[in-house]
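Trainee: predicted model and sequence follow; I will ask about them next.
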Amino acid sequence: MKRLAVGPMKSPKYIEWWGKRINDNIPRPSYGDSRSIEKHLRVVFSELEIIRQDFEKKISELGKKIEQIEEENMNLRLDMDVQKLETKKLRKWKNKSEKDLDSLKTNYKKLHLSM
């Protein structure tokens, strides 16, 4: 019986690969299902635009919070100034009251001694 020389069996994947190869097994890119570079860049630009908008929104929110905190800080300083003025008035009143009390005590002692 004579044997026939049969080459290696070629699978459909091998045949497909063989058809795509260029320059010693470097496959060609398939253009059928991939996006063009312009479409890809538009998608990337859209994602960057969304990120930029989110960033600007956060900056705006932080700016509003800073303004609110600065306003609260100013109000607290005003309250503190008012409290200092009231404290100063109360101290003056206390000192005057103590002097008046001392004067009354002195007058009472004089009156008591004169009796």
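Mentor: The structure has been received and is ready for your questions. Numbers count the residues shown, from 1 in each chain.
Trainee: quick one: mean pLDDT over the longest helix along the chain.
Mentor: As assigned by DSSP state H, the longest helix anywhere in the chain is helix 37-114. Averaged over helix 37-114, pLDDT sits at 91.
Trainee: helices or strands up against it?
Mentor: Using 3 or more C-beta pairs under 8 Å, 6 or more residues apart in numbering; DSSP states H and E, no helix or strand is in contact with helix 37-114. Where you see a C-beta, it was placed from the backbone N, CA and C, and this is true even at glycine.
Trainee: just how off-centre is that helix within its chain?
Mentor: Between the centre of helix 37-114 and the centre of its chain there are 24 Å (C-alpha atoms, centre = their mean, to the nearest Å).
Trainee: what residues sit buried inside whichever strand or helix holds residue 19?
Mentor: Under the criterion of DSSP states H and E, residue 19 resides in helix 12-20. Buried positions in helix 12-20, judged by neighbour count with 16 or more other C-beta atoms under 10 Å: none.
Trainee: just the C-alphas of it, formatted as CSV.
Mentor: Output of helix 12-20 as CSV, limited to C-alpha atoms (Å, rounded to 0.1, in the frame of the first residue of the first chain):
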residue,chain,number,x,y,z
PRO,A,12,-10.3,27.5,9.9
LYS,A,13,-8.6,29.7,12.5
TYR,A,14,-5.2,29.0,10.9
ILE,A,15,-6.5,29.7,7.5
GLU,A,16,-8.0,33.0,8.8
TRP,A,17,-4.7,33.9,10.5
TRP,A,18,-2.7,33.1,7.4
GLY,A,19,-4.9,35.4,5.4
LYS,A,20,-4.3,38.3,7.8
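Trainee: how far off centre is it?
Mentor: Distance, centroid of helix 12-20 to centroid of chain: 53 Å (C-alpha atoms, centre = their mean).
Trainee: pLDDT averaged over it - what is it?
Mentor: Here helix 12-20 scores 76 as its mean pLDDT.
Trainee: how close does residue 65 get to residue 58?
Mentor: 10 Å (C-beta to C-beta, to the nearest Å).
Trainee: what do you get for residue 46?
Mentor: 19 Å.
Trainee: before we move on, what about residue 93?
Mentor: According to C-beta to C-beta, residue 93 stands 52 Å off from residue 58.
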